[in-house]
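A.B. asks: just a sequence and a predicted model for now, questions to come.
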There are 2 protein chains.
Amino acid sequence: MNSTTIRDVARLAKVSISTVSRVMNMPEAVAPDKRERVLEAIRRLEYQPNGFARGLIFKKSNTLGVLIPDIRNPYYGDIIRGMEEAAKQFGYSLMICNTDRDPERVVGYIEDLREKQVDGLLFASDYVTALYYETIRKSGVPVVLVSTESREYGIPSVKVDEEQAAYEAVRHLIALGHREIGIVCFTLPDPISGEPRYRGYARALEEAGLEGSKNHVVYATHWFEEAYAATDVLFQRYPQLTAVFACSDEFALGVISCLHDRGIKVPDQVSVIGFDNVRLSRMSIPRLSTIAQPMYEIGYAGVSKLHRLVRNESLETLRDIVPHRLIVRESTGPPGGSGENRKTIDIRTNDSF
Amino acid sequence: MNSTTIRDVARLAKVSISTVSRVMNMPEAVAPDKRERVLEAIRRLEYQPNGFARGLIFKKSNTLGVLIPDIRNPYYGDIIRGMEEAAKQFGYSLMICNTDRDPERVVGYIEDLREKQVDGLLFASDYVTALYYETIRKSGVPVVLVSTESREYGIPSVKVDEEQAAYEAVRHLIALGHREIGIVCFTLPDPISGEPRYRGYARALEEAGLEGSKNHVVYATHWFEEAYAATDVLFQRYPQLTAVFACSDEFALGVISCLHDRGIKVPDQVSVIGFDNVRLSRMSIPRLSTIAQPMYEIGYAGVSKLHRLVRNESLETLRDIVPHRLIVRESTGPPGGSGENRKTIDIRTNDSF
DNA sequence: ATGAAAGCGCTAACAC
DNA sequence: GTGTTAGCGCTTTCAT
């Protein structure tokens, strides 16, 4: 580690340390000749100021902590990029932490970030438990929630309207002519991505007089593999389904893979719609119809909001809702083969992974 | 921000600040009654020490900087998880930065991380240019390269044997009976993932007396969309191909999508093998045959190595090579339809994205 | 315009 | 065992 200090520079330039400090912070305030000498000394010594010392004085780190529940989920790629762009704009660095949804790590990271004196915290997707809230409160660090929200604790947040988005996804299926629609839902109780998306699904069904379908639900927790397995169960119970609403694009891929392995064509026999519009959804065969979230903008807006918070500016709104939109690609279409015409589904657990 | 200091605690507990400091750093060295009083005061005041002050003394941040070229690439998910696990083990936090391969951001981040006094730097996948090296050298921060290496500057690194891995991928294709094999290669000059993988491809071809195929190459830079477009060019030039080696799984998906849109079946008519074994490769249809890199282990090993460097311990080896392995799934098979039997390929640029 | 000195919050000698 | 004190590297009064 390069350990030349301001003292070394002062000595070499034959000035006092305050002069050196001045050329770094208010260059105009120092005589041109001395300024040049100092600059030269800085160059020669490759001097770079110590962030700890500055932090101690300014009581600011210009760093924001970011808690990501699952860094493997492509959903966060663009969220992070949006955050980074905003951070750059406002002069912050990001400290990105992956919690793998482990409460211990969440708490550990919050405490660590607070010790590192981050100026603020971005908390993504996870549900804010009492433990998390208490840890955050204690730390005294401003927080904004990203793709999650908290009714109990009134924390600022940025996200889409999950219920409405899910509603529109299922509306799309209904408009296509589907009558028997299943859902692969995030394991309840998940008050963020689970419950609201289920409600949107149920609302669309009711509105279309299809409430009989409302129990065509099966659960999975975030992973392709689970969605794959859940799909077997779903079609075992409700073989009449002609469409399924998968609560994430990854789920949708799981559903499609399962169906494919059972010889069922998507979308000819069964339509599948996803949620998120991660890059993957354009890379699969068939390309996924899905609900697009503006991930980049969500990340950007999260940092903007936090920036205001950090500077004690007032927030126009506590909970920001950003627009989603339906994207129709290839995985949805009108109902084709009916349940009866379909090849019987093999419900044995698949063991190919 | 919670701003109670060690002084406040000392006052409330009616002891000196050194006693407070002691209960935090060497609790046994202080009398039980006082210790309890201090602990109670800490609890009451929700005191948490200031990392800047401690950093100033210890000259350590217990933080490692991580430079990721493209956070959207799923390849880095497990790399980061491996790093994080090791970091936790060794008592570091990770500061993850996404550079999007922008030299300005790379340099900016290195300087910023240095000011933040990170104890070390993990530099992933990118080629170490003279500018980067100079920036790193100036900063004086120990570095290890992850999934990249540097012959010029002799920087420690952890990665697979790209050339050999590519060789084995193509060997697999040859063993299956393929004679006309194309490659979708990273844009040259890419001395890390481009050139060595091409050499592996070429070596396998030569060894099998297939050197005629060696020019069946087309280039793309990291993205699905580019691989898709490159595939059109590849088959336009060499319609006799029955197999292609894609230099990444993302490329492989691009190749497969393109082929699929042209009505060509994988693997029945054309075999495709990828590289990396990202999670995606198990989620696609067909599931990808690929070369698996141990991403998690690479990340873990990178941090371990850096940890040694930070503590000035000697390294057994400068450049670590970790094992790869061939995974055969569904996207490769024996050559089926010959070029002639195949539907003519539509070489117009696809505009579906 | 410039230097001397105080002090940010903490740890680590060094007394006692 | 515990308190006093001298810094860690820097910015910022305050004199001059």
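C.D. replies: Received, thanks.
A.B. asks: state the distance from the residue most central in space within chain A to residue B:142.
C.D. replies: Geometric centre of chain A, nearest residue: residue A:76, 4.6 Å, by C-alpha atoms, centre = their mean. Distance, residue A:76 to residue B:142, by C-beta to C-beta, to the nearest Å: 28 Å. Placement of C-beta: from N, CA and C, glycine included.
A.B. asks: what count of nearby residues applies to residue A:201?
C.D. replies: By other C-beta atoms under 10 Å in any protein chain shown, the residues close to residue A:201 number 27.
A.B. asks: any idea how far it is from residue A:91?
C.D. replies: 43 Å.
A.B. asks: next: residue A:65.
C.D. replies: Applying C-beta to C-beta to residue A:65 and residue A:91 gives a distance of 16 Å.
A.B. asks: of the two, which one has the most company?
C.D. replies: When neighbours are counted by other C-beta under 10 Å, residue A:65 and residue A:91 differ, and residue A:65 comes out ahead with 26 against 9.
A.B. asks: helix or strand for that one, just tell me which one.
C.D. replies: Applying DSSP states H and E as the criterion places residue A:65 in strand A:63-68.
A.B. asks: strands paired with that strand, and their directions?
C.D. replies: strand A:93-98 (parallel), strand A:120-124 (parallel) (DSSP bridges).
A.B. asks: I'd like the next helix or strand past the longest one.
C.D. replies: Past strand A:93-98, heading to the C-terminal end, the next element that is a helix or strand (DSSP H and E) is helix A:103-115.
A.B. asks: show me what that next one is packed against.
C.D. replies: strand A:63-68, strand A:93-98, helix A:130-139 (3 or more C-beta pairs under 8 Å, 6 or more residues apart in numbering or on different chains; DSSP states H and E).
A.B. asks: which stretches of chain A form helices?
C.D. replies: A:6-13, A:17-25, A:32-45, A:51-58, A:75-90, A:103-115, A:130-139, A:162-175, A:195-207, A:224-237, A:249-261, A:295-310 (DSSP state H).
A.B. asks: out of the ones you listed, which one sits most buried?
C.D. replies: helix A:249-261 (a mean of 25; mean count of other C-beta atoms under 10 Å in any protein chain shown).
A.B. asks: distance of residue A:133 relative to residue B:116?
C.D. replies: Taking C-beta to C-beta, one finds residue A:133 at 28 Å from residue B:116.
A.B. asks: need the residues of the stretch 101-250 of chain A near chain B, please.
C.D. replies: A:109, A:111-112, A:114-117, A:138-141, A:224, A:250 (C-beta under 8 Å from any C-beta of the partner chain).
A.B. asks: residue of the stretch 101-250 of chain A closest to DNA strand C, please.
C.D. replies: residue A:115 (9.1 Å; C-beta to the nearest atom of the strand).
A.B. asks: contacts only, for the closest residue to residue A:333 other than its chain neighbours.
C.D. replies: Once flanking residues are discounted, residue A:333 sits nearest to residue A:267: 3.9 Å by C-beta to C-beta, 6 or more residues apart in numbering or on different chains. For residue A:267, the contacting residues are A:286, A:330, A:331, A:332, A:333, A:336, by C-beta atoms under 8 Å, 6 or more residues apart in numbering or on different chains.
A.B. asks: same check, this time on residue A:146
C.D. replies: If you count contacts by C-beta under 8 Å, 6+ apart, then residue A:146 has A:79, A:83, A:122, A:123, A:124, A:125, A:157, A:158, A:159, A:298, A:299, A:302 around it.
A.B. asks: how about residue A:36?
C.D. replies: Contacts of residue A:36 (C-beta under 8 Å, 6+ apart): none.
A.B. asks: which of the contacts of residue A:267 fall within strands?
C.D. replies: For those, not one is inside strands, with DSSP state E as the criterion.
A.B. asks: any quick ChimeraX command for the buried ones out of these?
C.D. replies: ChimeraX command restricting the contacts of residue A:267 to the buried ones, with burial defined by 16 or more other C-beta atoms under 10 Å in any protein chain shown:
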select /A:286,331,332,333
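A.B. asks: number of residues surrounding the nearest residue to residue A:233 once chain neighbours are set aside?
C.D. replies: Using C-beta to C-beta, 6+ apart and skipping the chain neighbours, the partner closest in space to residue A:233 is residue A:218 (5.3 Å). If you count neighbours by other C-beta under 10 Å, residue A:218 ends up with 22.
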